[in-house]
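J.: Just a sequence and a predicted model for now, questions to come.
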Amino acid sequence: MQKDLSNYRKSYEKSELMENSIKENPLEQFQKWFYEVESMDGLDEPNAMTVSTIGLDGFPKNRVVLMKKFTHEGFIFYTNYQSEKGKAIESDPSVCLSFFWPNLERQVIIKGKAEKIAENLSDGYFESRPVGSQLGAIVSNQSSIIASRKVLEEKLNELETKYQDREIERPSYWGGYLVRPISLEFWQGRPNRLHDRIRYTLQKDFNWKIERLQP
């Protein structure tokens, strides 16, 4: 089975990324782009990002998760600490995040170190989640093998009965990670594949070095 995709192409013409219009701080530049993407139609979840880790088997692995907050320190997402992703981060906290926003023909690639956030912050976010999402975090032994979906649904039914009149506490194995960036690359699609690529790299004095990369 094969399919030739060599004729799949488009011209990127929606915007440009020039040194005279970018922010000195890449997190401010990210905020600017995020708000612009968020305000445009054509994208359901602008906070969807790919998280790449180096697994215990030595292979890189990507998966899409939802960023839940970004600050001057970095980017926060939540997961099961005992999942494949969590174990990979525990072994090697070097991660890569990437956002692709086709509605504005933009991409951001972020390299950084992941660390667990404070427990009270994870508690606060867990409490804000819908009950179904809270129970889902408890019922799923994420990344582990299970015999069937029916087993998972039966476990959920049991928990719904158990917590019908009880407060649901965050399990200790579930919480947030903060990714502190050391490099951010902003990619803007341009015509003729001459895309704009601007990279910010954190220096020892905590200033950011700005460089243009060839497309």
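T.: Here it is on my side, so go on. Since the model is a prediction, treat every value here as computed from it, not as a measurement.
J.: Please state the offset of the helix or strand residue 161 falls within from the chain centre?
T.: Using DSSP states H and E, residue 161 maps to helix 149-162. Helix 149-162 sits 29 Å away from the centroid of its parent chain (CA atoms, centre = their mean, to the nearest Å).
J.: Also stretch 37-49?
T.: Distance of stretch 37-49 from its chain centroid, counting by CA atoms, centre = their mean, is 13 Å.
J.: circling back: buried ones in the next helix or strand after the helix holding residue 161, by neighbour count?
T.: Going down the chain from helix 149-162, the next helix or strand is strand 174-188, by DSSP H and E. Of the residues in strand 174-188, 174-179, 181, 183-188 count as buried by neighbour count, 16 or more other CB atoms under 10 Å. Yep, even glycine has a C-beta here, placed from its N, CA and C like the rest.
J.: between these, which is closest to residue 206?
T.: residue 181 (12.0 Å; CB to CB).
J.: quick one: the closest one and residue 110 touch, right?
T.: Yes. Between residue 181 and residue 110 there is a contact at 5.0 Å, judged by CB atoms under 8 Å.
J.: from the chain's centre, how far out does stretch 42-61 sit?
T.: In this view, stretch 42-61 has its centroid 6 Å away from the chain centroid, taken as CA atoms, centre = their mean.
J.: and that stretch, what's its mean pLDDT?
T.: Model confidence over stretch 42-61 averages 97 on the pLDDT scale.
J.: that older thread, save the buried residues of strand 174-188 as CSV, and put in pLDDT and distance to residue 82 too.
T.: Shown next, in CSV, are the buried residues of strand 174-188 (pLDDT from 0 to 100; distance: CB to CB, whole Å):
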residue, pLDDT, distance to residue 82
174, 98, 9
175, 98, 11
176, 98, 15
177, 98, 13
178, 98, 19
179, 98, 19
181, 98, 25
183, 98, 29
184, 98, 29
185, 98, 31
186, 98, 34
187, 98, 34
188, 98, 39
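J.: still on that earlier bit, neighbouring contacts of the helix holding residue 161?
T.: Contact partners of helix 149-162, identified using CB atoms under 8 Å, 6 or more residues apart in numbering, comprise 135-136, 138-140, 146.
J.: how about the spatially most central residue of the chain, secondary structure?
T.: The centroid of the chain falls nearest to residue 49 when counting by CA atoms, centre = their mean (3.6 Å). Under DSSP: H, G, I helix; E, B strand; the rest coil, residue 49 falls in the strand class.
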